[in-house]
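# Predicted coordinates and the sequence they were generated for:
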Protein chains: 2
Amino acid sequence: MDKAVQQEIDQLHAEICQCLADPKRIAILYALSEGRKNVGELMETLDISRATASRHLKLLRDRSMVTTDRDGVTVYYSLVDHRVIEALDLLRGVLAQILVQRKALAEALE
Amino acid sequence: MDKAVQQEIDQLHAEICQCLADPKRIAILYALSEGRKNVGELMETLDISRATASRHLKLLRDRSMVTTDRDGVTVYYSLVDHRVIEALDLLRGVLAQILVQRKALAEALE
DNA sequence: TTATAATATACGTGCAAGCGTACATATGTA
DNA sequence: TACATATGTACGCTTGCACGTATATTATAA
């Protein structure tokens, strides 16, 4: 494949991945995987401020990871593609494996 | 689960995800998925400078996503867990879907 | 229209990331 | 030891991210 095209794909790919690269956004995505939620619910469940929640949601929406539908004055956010959660679960498995190995290393030191 | 524990897990989870949140690191990870490579090979294949390659590899190694083994003066990098590639592939699928939808939107404008 | 509730954004700040250049370290060889 | 090769790191710089606070915006109801 053309190198420039490959780089542009990697760039877009990285922008998707970057959506996952923040603990609060991870929490938001997992919360949304259980069904649509509005900003107030997310704010309360995840213990973050309104402004912070809004900003993270804006980023996720700008990158098409979530969609919105209004019900009166309330805006509900939903996950667009459940594969995002599958990917997060895979990476959580990777993390678990890493922690197990570190634990083994730590015990070998004793 | 305890909220503080959950937040710490999300933090570690995010650090793993952050490894994927850069186009050059994505290229590096895919390159390593084909087998171990040294810095020079990566630098040449991916068209990045030595220093840049070294720094990205250091980050990936610090977070246990890759391992190294020396052969004389040469350092070979390998992928630790192939699930990272599976996750990247899933997210690439998400990206493809997003681009298809955007294309449909663009065409609807004509 | 005025008030109020739910979201969204602008501003300023502090922090972390990424890069190029230049220097430093480590391994192997004459 | 002196030198060459492959890799790693420090510095300075610029850019982007995340946050709190305060201020819009949007939609409903009185």
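Sure thing, it's come through.

# distance of residue A:82 from DNA strand D?
Residue A:82 sits 22 Å away from DNA strand D, going by Cβ to the nearest atom of the strand, to the nearest Å. Yep, even glycine has a C-beta here, placed from its N, CA and C like the rest.

# That residue contacts residue A:33, doesn't it?
Yes: counting by Cβ atoms under 8 Å, residue A:82 does reach residue A:33; the two are 6.9 Å apart.

# These two: who's more crowded?
Legend: neighbour count by other Cβ atoms under 10 Å in any protein chain shown for residue A:82 and residue A:33, higher for residue A:33 (15 against 11).

# pLDDT wise, what is the more buried one at?
The model reports residue A:33 with a pLDDT of 97.

# so which strand or helix has the closest residue to it other than its chain neighbours?
Counting by Cβ to Cβ, 6 or more residues apart in numbering or on different chains, residue A:33 lies nearest to residue A:85, which is 4.7 Å off, once chain neighbours are set aside. Assigned by DSSP states H and E, residue A:85 belongs to helix A:83-109.

# Also compute the angle for that helix relative to helix B:83-108, please.
Here helix A:83-109 runs at an angle of 160 degrees relative to helix B:83-108 (axes from the mean of the first three to the mean of the last three Cα atoms, to 10 degrees).

# is the nearest residue to residue A:32 once chain neighbours are set aside in a bridge, and if so with what?
Counting by Cβ to Cβ, 6+ apart, residue A:32 lies nearest to residue A:79, which is 4.6 Å off, once chain neighbours are set aside. Counting by DSSP bridges, residue A:79 is bridged to residue A:66.

# same thing with residue A:71?
residue A:74.

# in chain A, which ranges drop under the pLDDT threshold?
Nowhere does chain A drop to pLDDT under 70.

# 90 instead, please
A:1-4, A:105-106, A:108-110 (pLDDT under 90).

# For DNA strand C, what is the nearest residue in it?
residue A:38 (2.9 Å; Cβ to the nearest atom of the strand).

# what about that residue, neighbour count?
Using other Cβ under 10 Å, residue A:38 has 17 other residues around it.

# Next, the contact list for it, please.
A:74-77 (Cβ atoms under 8 Å, 6 or more residues apart in numbering or on different chains).

# how about the residues of chain A near DNA strand C?
Counting by Cβ under 7 Å from any atom of the strand, chain A comes close to DNA strand C at A:38-40, A:50-51, A:54-55, A:57-58, A:68, A:73-75.

# distance of the residue of chain A most remote from its centre from residue B:19?
Computed with Cα atoms, centre = their mean, the residue of chain A farthest from its C-alpha average is residue A:110, at 37.3 Å. In this view, residue A:110 and residue B:19 are 30 Å apart by Cβ to Cβ, to the nearest Å.
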